[in-house]
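Colleague: starting from these lines, generate the structure:
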Amino acid sequence: MQFVIEKSCPCSSARAGEITTDHGKILTPIFMPVGTAGAVKAVHIKELKEDIKAQIILGNTYHLYLRPGSDVIENAGGLHKFNGWDKPILTDSGGYQVYSLANTRKVTNKGVIFNSHIDGSKHTFTPENVIDIQRTIGADIIMAFDECTPFPCEYDYAKNSMELTHRWLQRCVDHFEKTEPQYKHSQALFPIVQGSVYKDLRMKSAEVIASYNAEGNAIGGLSVGEPHEVMYEITGLVCSVLPEDKPRYLMGVGTPVNILESIALGIDMFDCVIPTRNARHGLIYTKRGIINIKNKKWKNDFSPLDEEGTSFVDKQYSKAFLRHIFIAGEMLAGMIASLHNLGFYLWLVNEARKRIIVGTFSEWKNKMVQQLDVRL
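Modeller: The predicted model follows:
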């Protein structure tokens with residue numbers, strides 16, 4: 001994997017870059033639609049590629065391991081062939097999902113013992129077998145196994161968890177170096193910075209992660225309930241330590257405003273379920289603010305979802321029609337809304353990239369963040 005910075009913003013830490021993988025190039029900053037089980041909910045692969053022009057999608061090791069299982073994916077020849085997506089894929093290691101199973105898992109130095117959310121069966125994730133599973137899935141970018149701390153958490157818990165994540169990272173790297181990709185493309189391993197909201201822990205973790213000189217680095221354990229101001233402060237702090245010449249991935253973030261503010265702090269890669277999850281409940285993102293399409297006020301509004309045309313579907317569907325099929329309970333409603341929101345998110349990061357290149361990012365960002373959270 002290669003990463004080149006094409007242009008940096010003179011008034012912030014934002015940068016426009018290009019990641020090159022064996023499955024194609026990724027122009028940064030970039031948003032990655034979340035395909036937890038190998039498919040982005042309610043969106044066809046063809047729509048991802050041709051209509052909203054996604055450049056990379058995300059899958060999840062935990063979910064894919066449980067269903068359909070590593071053996072099925074291996075028999076298919078890897079996730080790219082299994083789901084028909086021939087562009088880059090990133091897989092999360094499952095650390096966040098294991099964190100979410102707080103009542104049914106046990107964390108040890110060796111790894112994590114957990115019960116499946118599907119059938120209650122018992123499983124173990126270790127740094128080594130998580131690398132093996134991700135080798136079998138075949139993603140272009142894979143994540144080190146980490147423990148994601150909850151918010152709030154005590155300092156000692158955060159410190160012990162961070163140190164455990166660092167020990168696991170060494171084991172991930174050792175095993176990654178001992179193994180080979182299973183398919184005919186290379187894989188890059190990203191370590192993850194942890195440390196909760198404690199500045200000294202985050203600084204220490206960022207220094208440890210930077211010392212591995214990995215092909216890219218991730219920041220985890222944010223967007224788990226902490227105030228946005230704290231998230232920005234920690235993100236900026238970590239970005240000041242992580243190497244400038246490697247892509248930085250802020251995991252699980254976030255709202256359109258979160259993304260713009262984090263780009264300004266030096267983040268290159270994002271993923272989040274917000275655009276598709278909220279879409280299925282009728283929440284639509286636009287340049288002028290947020291629409292609850294189920295509201296009666298849109299019943300006779302025949303204008304596009306986003307009048308400024310930020311997504312593929314704006315040329316085809318009106319607010320009135322989308323409201324109608326939501327109220328009628330049509331499956332198409334969630335599909336159209338998901339496609340629109342993902343298209344809007346990809347428009348947002350692409351526009352940010354353009355603004356960085358021409359030198360107007362900061363003033364544009366400051367204007368946009370005032371508009372994006374308005375409820376219309």
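
Colleague: against residue 170, how distant is residue 208?
Modeller: 10 Å (C-beta to C-beta, to the nearest Å). (Glycine included, C-beta is placed from N, CA and C.)

Colleague: what do you get for residue 44?
Modeller: Counting by C-beta to C-beta - residue 44 and residue 170 are separated by 41 Å.

Colleague: okay, residue 208 and residue 170: which has more neighbours?
Modeller: residue 208 (20 against 14; other C-beta atoms under 10 Å).

Colleague: walk me through the domains of this structure.
Modeller: For the chain, automatic domain parsing gives the domain ranges 2-271, 279-372.

Colleague: measure the shortest one end to end?
Modeller: Yep, that's domain 279-372 we're talking about. In domain 279-372, first residue to last residue: 16 Å (C-alpha to C-alpha, to the nearest Å).

Colleague: mean pLDDT added to the domains of the chain, as CSV?
Modeller: Formatted as CSV, these follow (pLDDT from 0 to 100):
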stretch, mean pLDDT
domain 2-271, 96
domain 279-372, 97
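
Colleague: next one: phi and psi at the closest residue to residue 84 other than its chain neighbours?
Modeller: Excluding its sequence neighbours, the residue lying closest to residue 84 (C-beta to C-beta, 6 or more residues apart in numbering) is residue 45, at 5.0 Å. The phi/psi pair for residue 45 (degrees, to the nearest 10) reads phi -60, psi -40.

Colleague: show me what contacts residue 45?
Modeller: Residues counted as contacts of residue 45 (C-beta atoms under 8 Å, 6 or more residues apart in numbering) are 39, 83-85.

Colleague: so which residue is smack in the middle of this protein?
Modeller: A centroid search over the chain (C-alpha atoms, centre = their mean) returns residue 271, at 1.7 Å, as the residue closest to the centre.

Colleague: distance check, the spatially closest residue to it that is not a sequence neighbour against residue 23.
Modeller: Spatial nearest neighbour of residue 271, chain neighbours left out: residue 32 (4.3 Å); criterion: C-beta to C-beta, 6+ apart. Counting by C-beta to C-beta, the separation of residue 32 from residue 23 is 13 Å.

Colleague: ok, these two, which is more surrounded?
Modeller: residue 32 (25 against 19).

Colleague: do you know how far the more buried one is from residue 246?
Modeller: Distance from residue 32 to residue 246, by C-beta to C-beta: 17 Å.

Colleague: what do you get for residue 81?
Modeller: Where residue 246 is concerned, residue 81 sits at a distance of 29 Å (C-beta to C-beta).

Colleague: looking at the two, which one has more neighbours?
Modeller: residue 246 (20 against 14).
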